[in-house]
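Novice: Give me a model of this one.
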Amino acid sequence: CHTSGMPTPNGKEYAQKIPREELTHLILKLLQAWKEPLSHFNQHIEHHQELPDDSLSKAKQISNMVHELETGVEKSMGIISNSLNGMAPSEAAGLSISNEANMMSDSDFIHCFRRDSNKVQSYLKILKCRIMPENSC
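Specialist: A predicted model of the protein is given here:
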């Protein structure tokens, strides 16, 4: 996976120990790392005429959701911390996009995306519990 080099906590216990700002920053980095590969993937599958329209629609929907989630996390980063000081979000995240994601097979690509989306989902749940502990987390 092209994001394998990104340091992420192994397990929920470690993720819970990370400060809120740092965890939010990590979520943003993961989302940004998938932005370009998802765009390329969408272009790639559009050329597969044997795929049903609902698969194409689902792929576009996922890309849109990642973009919306990234926008939301960027806004919360601005509220949580002013440490970004006007830097572009990709600069702030220290993001370097690799072509590795573009060269993966479709099944490897989906596996890696699922892995990272599960991480993002877990990290968001941890943040939600910190912000709203009354949700009996």
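
Novice: Lowest average confidence across helices and strands of this structure, where is it?
Specialist: Least confident helix or strand of the chain, by mean pLDDT, DSSP states H and E, is helix 89-92 with a mean of 41.

Novice: can you give me the mean pLDDT across the helix or strand hosting E68?
Specialist: Using DSSP states H and E, E68 maps to helix 53-80. Throughout helix 53-80, pLDDT has a mean value of 72.

Novice: Which residue, neighbours along the chain excluded, lies closest to the residue nearest in space to the middle of the chain?
Specialist: The residue lying closest to the centre of the chain (Cα atoms, centre = their mean) is L31, at 2.4 Å. In space, and not counting its chain neighbours, L31 is closest to E70: 4.2 Å by Cβ to Cβ, 6 or more residues apart in numbering. All C-beta spots, glycine's among them, are computed from the backbone N, C-alpha and C.

Novice: so what's the one you found up against?
Specialist: E70 makes contact with 28, 31-32, 35, 89, according to Cβ atoms under 8 Å, 6 or more residues apart in numbering.

Novice: Distance-wise, check N42 relative to Q32.
Specialist: To Q32, N42 is 17 Å away according to Cβ to Cβ, to the nearest Å.
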